[in-house]
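S.K.: Pasting a predicted model and its sequence here:
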Amino acid sequence: MRISGPTLAVLTLLVGRATNWHYGYDLSKVTGLKSGTLYPILTRLHDGGWLETQWQEATEPGRPPRHLYRLTPSGLTEAKKALLAKPAKKQSLRQAYEN
């Protein structure tokens, strides 16, 4: 799998809170990635078996369901390898997401 700088940014966030489900919108806000960059990354990670996804029904009337993402066990292992091999330039992303 191609591991670009934006992919490393996404992986940094996901590894930092690997057991949590993440909304694409929140990942976009923290990484600063536009949807046209972020969602293809999430799709590639999912297709590669690194991410699992689920839909969350809307909690408010009139709102659409939300797509959630989190690393699979094998995805966590591969993401850690990728981050060790080529550390993300924006290491502060994890700190930003945790706040």
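M.R.: Received it, and whenever you're ready, just let me know what you need.

S.K.: can you map out the strands along this protein?
M.R.: Under the criterion DSSP state E, the chain contains strands at 22-23, 51-56, 66-71.

S.K.: what are the pairing partners of the shortest one, and which direction each?
M.R.: Within its sheet, strand 22-23 is paired with strand 66-71 (antiparallel), according to DSSP bridges.

S.K.: where in the chain is pLDDT low?
M.R.: 87-99 (pLDDT under 70).

S.K.: Kindly recompute the last result at 50.
M.R.: 90-92, 94-99 (pLDDT under 50).

S.K.: Residue most distant from the centroid, it?
M.R.: Distance from the C-alpha centroid of the chain peaks at Pro61, with 27.0 Å (C-alpha atoms, centre = their mean).

S.K.: centre of the chain versus stretch 66-76, how much separation?
M.R.: 7 Å (C-alpha atoms, centre = their mean, to the nearest Å).

S.K.: neighbouring contacts of that stretch?
M.R.: 14-15, 18-25, 27, 42, 45-46, 48-56, 58, 79 (C-beta atoms under 8 Å, 6 or more residues apart in numbering). Where you see a C-beta, it was placed from the backbone N, CA and C, and this is true even at glycine.

S.K.: Please indicate which of the residues you listed are buried?
M.R.: Buried by 16 or more other C-beta atoms under 10 Å: Leu14, Val15, Ala18, His22, Gly24, Leu27, Leu42, Leu45, Trp50, Leu51, Ala79, out of those.
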